[in-house]
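Novice: Generate a structure from the sequence data that follows.
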Amino acid sequence: MSLASNPVMSLASNPPNYDPIARLQNEFKNKSQFIVEDVIPCLEQILFPYLSKEARILDLGCGCGDLVQQLHLKGYQMTGLDASEGLLRYARTNAPESEFIFGDIRNLELPSSFNAIVSMDLLLFILNNEDLTTVFRNAYAALQDNGLFVFTITLVELMYKLAQERYFNHIYVNDECAFLELFYYKPEERMWEIKVTGFELVDKTWKRSDTTWLRKDHLLSDVQSALENVGFTEISHFELGEGTGSACFVCRK
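Specialist: Prediction:
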């Protein structure tokens, strides 16, 4: 049975809403460049040597499918999962030979059929330890025995300098689109409020979209404890880019 035919449970409350800016996420290919120049070389060191050439890989939070397509070109059998139908419409175009699932991993049970699971930046938007443990438990269940789970997450221990800034922004612009992210840090909650505004040219008229995301910085001890509690072993991590606050974890079922 196709994974895509599995029933999707109701989504957990407050998942980040990418639908208003799905086109903008797809337009700005600097993210694709980051995947080619940074993510793939990293996976070549920590993941690919432990997989067969036709291994099955699940990408959690696949977005517009850029990583799915790059891994497909490497010869892997790819499935992408995302909670934004808007992003998945682009993913199905960008990676037409791969399979995609609409759903939230917190509420979705998948068969134990994957040799590896990767997740780049999805866990930034998991806001509490209960949900984090649920994501880890469901990822563990979806892996075959001895399967590998590789993911990125922001850690409090790595965020000191960035958090001190409290406020910063990212701006992306081309001839038909503009995309602005305003970050504001709430230290008492270890939470970032991200206000996102997009402009896109539609039939010679500029259309504006607004949405707000919340991002959590997690404690290293909480992440490690949650992984161990659901059964992962051989847990290791390293800083992914100096000053970014992001860590890459690798663990085994």
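
Novice: Show me the shaky parts of the chain.
Specialist: Flagging of the chain using pLDDT under 70 yields the residue ranges 1-16, 29-32, 160-165, 243.

Novice: Would you state the helices of it in chain order?
Specialist: Assigned by DSSP state H, the chain shows helices spanning 22-27, 30-34, 40-46, 66-73, 85-94, 129-142, 160-165, 220-230.

Novice: Is it possible to get a markdown table of the ones you listed that adds mean neighbour count and distance to residue 189?
Specialist: C-beta coordinates here come from the backbone N, C-alpha and C atoms, glycine included. Shown next, in a markdown table, are the helices of the chain (neighbours: other C-beta atoms under 10 Å; distance: least, C-beta to C-beta, whole Å):
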| stretch | mean neighbour count | distance to residue 189 |
| --- | --- | --- |
| helix 22-27 | 21 | 26 |
| helix 30-34 | 14 | 27 |
| helix 40-46 | 14 | 30 |
| helix 66-73 | 22 | 30 |
| helix 85-94 | 19 | 27 |
| helix 129-142 | 19 | 13 |
| helix 160-165 | 12 | 12 |
| helix 220-230 | 16 | 14 |
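
Novice: Would you format those as JSON lines with distance to residue 211 included?
Specialist: Converted to JSON lines, those look like this (distance: least, C-beta to C-beta, whole Å):
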{"stretch": "helix 22-27", "distance to residue 211": "11"}
{"stretch": "helix 30-34", "distance to residue 211": "17"}
{"stretch": "helix 40-46", "distance to residue 211": "29"}
{"stretch": "helix 66-73", "distance to residue 211": "21"}
{"stretch": "helix 85-94", "distance to residue 211": "11"}
{"stretch": "helix 129-142", "distance to residue 211": "20"}
{"stretch": "helix 160-165", "distance to residue 211": "22"}
{"stretch": "helix 220-230", "distance to residue 211": "27"}
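
Novice: of those helices, which approaches residue 122 most closely?
Specialist: helix 129-142 (8.1 Å; C-beta to C-beta).

Novice: And that closest one, how far out from the chain middle?
Specialist: Remark: helix 129-142 is offset 14 Å from the chain centroid, using C-alpha atoms, centre = their mean, to the nearest Å.

Novice: returning to what we had before: ok, which of the helices of the chain comes nearest residue 240?
Specialist: Nearest of those to residue 240, taken as C-beta to C-beta: helix 40-46 at 7.4 Å.

Novice: my read: residue 177 touches residue 201, true?
Specialist: Yes - applying C-beta atoms under 8 Å, one finds residue 177 in contact with residue 201, separated by 7.2 Å.

Novice: Pick out whichever of the two has more residues nearby.
Specialist: Comparing residue 177 with residue 201 by neighbour count (other C-beta atoms under 10 Å), the higher total belongs to residue 177, at 18 against 13.

Novice: what's near enough to touch that one?
Specialist: Contacts for residue 177 (C-beta atoms under 8 Å, 6 or more residues apart in numbering) come out as 23, 24, 27, 28, 198, 199, 200, 201.

Novice: Which pair of those spans the longest distance?
Specialist: Longest span within the contacts of residue 177, C-beta to C-beta: 28 and 201, 14.4 Å.
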